[in-house]
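1. just coords:
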């Protein structure tokens, strides 16, 4: 599986374009102003300091894994530092999620897969008035995330603990529309496609769905292809690590593959 992942990565690097290889004004602007905006921002500082603390946290928790698990560590008992090093999104990717959310300016955002709460914190920092709803399957991991939110002084996060399949439909039902959804958990084809289909009735023209680890496995690659081909989808952007899905009306269907 690791060999295939590396092969997919190299293939992506050779075939993906930069902002200058796109002919869509929307995608060029997004790439130029958001995706490739690597300038440091004041919102990053405290979150990255908290990440460093997690790297040094040797407390042990029991991990309840309701999804496809980790390629790197299958043990149920783990140090927080281990989880921080193996499971957290890299600073580069977490900052991108922040910029994408900031650009979308959602009234509310949904995240599947809180983990230790670092990416959730980035979402919460985009707008103190935005409601951030996050779901984590593991109670002890969620408890660490909750402490991180408190340390960072974040008051606009609603943390749910349990099975995505049971919690997400109810959350969607109570949302007037879905502005921003980040799906980073249960990396299985059927589950991923279910989450996508559940979101569709509440999608609007400015909605952004982000799917994590689209090259995780053959099943995830198949799920990504099916999502791209859905008639409601107008633009997708494959950044290898994540896939962006837009629903712009009147926009010809186009799929982009960008280096990141």
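-> Received, thanks. Nothing here was measured: the structure is a model prediction, and the numbers come from that model.

2. quick one, helices of the stretch 101-250 of the chain?
-> 118-125, 139-151, 164-173, 189-199, 218-229 (DSSP state H, counting those that start in this stretch).

3. Just send the ones you listed back as JSON lines, with mean pLDDT, mean neighbour count and distance to residue 32 too.
-> (Each C-beta comes from the backbone N, C-alpha and C, glycine too.) Shown next, in JSON lines, are those (pLDDT from 0 to 100; neighbours: other Cβ atoms under 10 Å; distance: least, Cβ to Cβ, whole Å):
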{"stretch": "helix 118-125", "mean pLDDT": "98", "mean neighbour count": "26", "distance to residue 32": "21"}
{"stretch": "helix 139-151", "mean pLDDT": "97", "mean neighbour count": "18", "distance to residue 32": "32"}
{"stretch": "helix 164-173", "mean pLDDT": "96", "mean neighbour count": "15", "distance to residue 32": "32"}
{"stretch": "helix 189-199", "mean pLDDT": "97", "mean neighbour count": "18", "distance to residue 32": "28"}
{"stretch": "helix 218-229", "mean pLDDT": "97", "mean neighbour count": "16", "distance to residue 32": "23"}
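
4. Next, the buried residues of the longest strand along the chain.
-> Of all the segments assigned as strand in the chain under DSSP state E, the longest by residue count is strand 203-212. Within strand 203-212, the residues scored as buried using 16 or more other Cβ atoms under 10 Å are 203, 207-212.

5. Can you read off the backbone torsions of the residue nearest to residue 221 when sequence neighbours are not counted?
-> Counting by Cβ to Cβ, 6 or more residues apart in numbering, residue 215 is the residue found nearest to residue 221 once chain neighbours are left out, at 6.0 Å. With angles defined as degrees, to the nearest 10, residue 215 sits at phi -110, psi 20.

6. now residue 53
-> Per degrees, to the nearest 10, the backbone of residue 53 is at phi -60, psi -40.

7. Please apply the same query to the one 5 residues further on.
-> In this entry, residue 58 is assigned phi and psi values of phi -90, psi 10 (degrees, to the nearest 10).

8. Could you tell me how many residues sit around it?
-> 8 (other Cβ atoms under 10 Å).

9. ok, back up a step: which strands or helices does the longest strand of the chain pack on?
-> Strand 203-212 sits against helix 91-104, strand 178-183, helix 189-199, helix 218-229, strand 242-246, with contacts defined as 3 or more Cβ pairs under 8 Å, 6 or more residues apart in numbering; DSSP states H and E.

10. Which single one of the buried residues of strand 203-212 is nearest to residue 23?
-> residue 208 (20.8 Å; Cβ to Cβ).

11. where in the chain is pLDDT low?
-> Within the chain, the stretches with pLDDT under 70 are 66-75.

12. hmm, back to that, rebuild the helices of the stretch 101-250 of the chain as TSV, extending it with distance to residue 244.
-> Listed next are these as TSV, based on distance: least, Cβ to Cβ, whole Å:
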stretch	distance to residue 244
helix 118-125	15
helix 139-151	24
helix 164-173	20
helix 189-199	13
helix 218-229	11
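
13. Pairing partners for the longest strand of the chain, with directions?
-> Strand 203-212 has its sheet partners listed here by DSSP bridges as strand 178-183 (parallel), strand 242-246 (antiparallel).

14. of all the ones you listed, which gets the most neighbours per residue?
-> strand 178-183 (a mean of 24; mean count of other Cβ atoms under 10 Å).

15. outside of that strand, which residues touch it?
-> With Cβ atoms under 8 Å, 6 or more residues apart in numbering as the test, strand 178-183 has contacts from 97, 100-101, 104-113, 119, 123, 172, 192, 195-196, 199, 202-204, 206-212.

16. Cool, thanks, talk later.
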